[in-house]
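Novice: Here is my input; please provide its structure:
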Amino acid sequence: MSIEEITLEVLAERALSDCDSKILVNWSVKALELGYDSENLSILAGLDHENTEVREKYFIKSLIDLNIHLEKPKEDLIDMYAISIVGKAILGSVSIDFAFAQMKKIAFETNYNARYIAFYEIDEDLERLDYSDYPMFNANLTKENSNEFIMEEFKIFREMERLNIPLEERDYNYCISCSKLVKPILKTKYQLREPRQYQVWSCPNCKSEKLRFSSEHAVKWLIIERYKENEQNT
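Specialist: Numbers count the residues shown, from 1 in each chain. Presented below is the predicted three-dimensional model:
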């Protein structure tokens with residue numbers, strides 16, 4: 001890992017939670033192990049029992065010494081960290097559980113931004129499976145396949161971010177009847193019992209209700225493939 005990468009992790013972790021400032025000390029030790037050196041960095045590495053104010057002072061001085069500039073808005077730091085931590089999980093350098101926990105934090109910290117909502121929904125479904133046989137958001141998720149399911153979500157997230165697919169294009173459904181990715185519309189239906197009138201999601205092209213939703217991994221991969229094709233044709 002580079003000095004920039006370990007610094008990004010520290011700054012993002014601080015942005016995500018009120019964590020122990022001991023992570024600044026750990027950062028300095030990693031920096032020294034990478035071959036970086038300065039008086040302030042060495043001092044910080046020895047501040048195991050100091051308070052946060054002192055640790056932060058030497059952390060800032062160390063950044064200046066090492067000419068590290070990561071002055072980014074909190075949102076940008078979190079976005080960069082999300083891509084980094086997912087990539088590490090895919091490579092196996094951090095555990096799935098750790099990366100998933102971080103992505104849940106990110107979903108919460110970003111007010112359940114659409115880019116990260118899938119991780120919140122997986123977490124909700126895993127809790128639901130403790131008392132129900134049926135998940136709410138992810139029909140194919142089980143307790144037994146949860147690690148594989150989360151890893152697949154990591155890969156989808158990384159690919160969508162790599163391609164920079166706009167959020168509005170990540171929300172397509174797949175119409176089984178006409179074999180197209182579509183933005184579903186509400187269709188009014190009627191019945192004899194109450195309520196007499198109700199609405200269902202349907203395909204805007206053929207009006208079929210046979211839809212596979214954007215939360216499904218298979219549909220997400222279709223969205224990715226279509227985006228790649230469109231990019232190649234422009």
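
Novice: Could you use CA atoms for every contact and neighbour count after this?
Specialist: Fine.

Novice: List the residues that contact residue 190.
Specialist: Going by CA atoms under 8 Å, 6 or more residues apart in numbering, residue 190 touches 196-198.

Novice: beta partners for it?
Specialist: Judged by DSSP bridges, the bridge partners of residue 190 are residue 197.

Novice: What's the separation between it and residue 175?
Specialist: 22 Å (CA to CA, to the nearest Å).

Novice: and the residue of the chain most remote from its centre, how far is that from residue 198?
Specialist: For the chain, the C-alpha farthest from the mean C-alpha position belongs to residue 192; by CA atoms, centre = their mean, that distance is 44.8 Å. Applying CA to CA, the value for residue 192 to residue 198 is 11 Å.

Novice: Which parts of this protein are strands?
Specialist: Here the chain has its strands, by DSSP state E, at 173-175, 180-182, 185-190, 197-202, 211-212.

Novice: highest average neighbour count across the ones you listed?
Specialist: Neighbour counts (mean count of other CA atoms under 10 Å) averaged over each of the strands of the chain peak at strand 173-175, with a mean of 24.

Novice: That one - contacts with which helices or strands?
Specialist: strand 180-182, strand 211-212 (3 or more CA pairs under 8 Å, 6 or more residues apart in numbering; DSSP states H and E).

Novice: can these go into CSV with extra columns for mean pLDDT and distance to residue 167?
Specialist: Below are the helices and strands packed on strand 173-175 laid out as CSV (pLDDT from 0 to 100; distance: least, CA to CA, whole Å):
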stretch, mean pLDDT, distance to residue 167
strand 180-182, 95, 14
strand 211-212, 94, 18
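
Novice: Tabulate those in CSV, adding columns for distance to residue 116.
Specialist: Shown next, in CSV, are these (distance: least, CA to CA, whole Å):
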stretch, distance to residue 116
strand 180-182, 21
strand 211-212, 20
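
Novice: how far does stretch 124-135 sit from the chain's center?
Specialist: Distance of stretch 124-135 from the chain centroid (CA atoms, centre = their mean, to the nearest Å) equals 21 Å.

Novice: Please apply the same query to stretch 191-208.
Specialist: Distance of stretch 191-208 from the chain centroid (CA atoms, centre = their mean) equals 34 Å.

Novice: Show me how far the lowest-mean-pLDDT helix or strand in the chain is from its chain's centre.
Specialist: Across the helices and strands of the chain, mean pLDDT, DSSP states H and E gives its lowest value to helix 3-16, namely a mean of 84. Relative to its chain's centre, helix 3-16 lies at 16 Å (CA atoms, centre = their mean).

Novice: List the contacts of that helix.
Specialist: By CA under 8 Å, 6+ apart, helix 3-16 touches 19, 23-24, 27, 30-31, 34, 68, 70, 74, 77-78, 80-81, 105-106, 109.

Novice: one step back: can you tell me which of the helices and strands packed on strand 173-175 is nearest to residue 230?
Specialist: Residue 230 lies closest to strand 180-182 among these, at 13.1 Å (CA to CA).

Novice: Can you pull the poorly scored residue ranges out of this structure?
Specialist: Where the chain drops to pLDDT under 70, the residues are 234.

Novice: Can you tell me how far residue 167 is from residue 47?
Specialist: Residue 167 is 44 Å from residue 47, where distance means CA to CA.
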